[in-house]
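Colleague: Return atomic coordinates for the entry below.
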Amino acid sequence: MDNFDYSLARIMPTFAKEFAVIKKSLFRLLSESGAIQTMFLGRSGEVIAAYGPYDSSMNTGLGVLLVGSFLSSRELAKLLNNEQFLSFYFQGINTSVFMKTVQTNHYLVLLFNSNTHIGLARVLAENSSQEISEILQKVRLKYLFRFIRNKRDDDNAAGSLAVV
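Modeller: Numbers count the residues shown, from 1 in each chain. Got it, this is the predicted structure:
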C-alpha cells in the first residue's frame with residue numbers, strides 16, 4: 001500500500017471534503033502552536049496545503065528543500081543503523097523547523113520561532129499527523145475504489161464493443 005503511485009496534489013481537488021479536513025488540521029496546528037507557518041508536502045516537496053505568511057513561491061522553495069533535507073537525513077540515519085527516521089528538527093536563530101512523516105510519502109512541516117516550544121510543536125504535530133493520516137487512508141481507499149470501478153467499466157465497454 002505504501003508504494004501505491006498517485007499524486008495527492010493532483011487528485012485532492014476530487015476529494016474536496018477530505019482536503020478541507022487536512023486544511024483545517026493545518027490551520028488548527030498553526031493557531032494552537034503559535035507557529036509561523038504550517039505545510040503539508042507531497043513526496044517530492046510539492047505543497048499540498050499551507051498556512052502562514054509565506055507566498056506560494058516561498059512555500060514551493062521551502063517544500064523542495066525541506067523534503068530533500070529530510071530524505072538526506074533519513075539516508076544518513078540508515079548508514080548509522082537507525083532504520084526508523086520519522087521526524088526532523090532544525091533549530092535556527094530566528095526560525096526553527098519540525099518536520100514529520102505522514103504515512104510514508106508525505107510530510108507535515110511546522111516553522112516556528114522562540115515563542116513556540118519544541119515539545120509543544122512535537123505533540124501538536126503528532127496529533128495533526130494522525131488526523132491527516134486517517135484522511136489519507138480514506139482518500140487512498142476511495143481512489144482505489146474509483147480506479148477499480150472505472151477499470152471494470154472500461155473493460156465492460158470494450159467487451160460490448162467487441163461483440164458488436
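
Colleague: contacting residues for the spatially most central residue of the chain?
Modeller: Most central in the chain under C-alpha atoms, centre = their mean is residue 106, positioned 3.5 Å from the mean C-alpha point. Residue 106 makes contact with 8, 40, 41, 42, 43, 48, 132, 136, according to C-beta atoms under 8 Å, 6 or more residues apart in numbering. (C-beta placed from N, C-alpha, C; glycine too.)

Colleague: Let's see if you can find the most crowded of these.
Modeller: residue 40 (29 neighbours; other C-beta atoms under 10 Å).

Colleague: any idea how far residue 76 is from it?
Modeller: Using C-beta to C-beta, to the nearest Å, residue 40 is found at 24 Å from residue 76.

Colleague: what stretches of the chain score poorly on pLDDT?
Modeller: Where the chain drops to pLDDT under 70, the residues are 1-13, 150-164.

Colleague: could you redo the last one with a cut-off of 80?
Modeller: Low-confidence segments of the chain (pLDDT under 80): 1-15, 143, 145-147, 149-164.

Colleague: Tell me if I'm right that residue 115 and residue 34 touch.
Modeller: Yes - in this structure, residue 115 is within contact of residue 34 by C-beta atoms under 8 Å, at 5.2 Å.

Colleague: if you count what's nearby, which of the two comes out ahead?
Modeller: Set residue 115 next to residue 34 and count neighbours by other C-beta under 10 Å: residue 34 wins out with 14 against 9.

Colleague: show me the contacts for that one.
Modeller: Shown in contact with residue 34 (C-beta under 8 Å, 6+ apart): 112, 115, 116.

Colleague: try 6 Å
Modeller: By C-beta atoms under 6 Å, 6 or more residues apart in numbering, the contact list for residue 34 reads 115, 116.

Colleague: does the closest residue to residue 48 other than its chain neighbours sit in a helix, a strand or a coil?
Modeller: Leaving aside its sequence neighbours, residue 48 sits nearest to residue 40 (C-beta to C-beta, 6 or more residues apart in numbering; 4.7 Å). What DSSP: H, G, I helix; E, B strand; the rest coil gives for residue 40 is strand.

Colleague: That's all I had, so thanks and see you.
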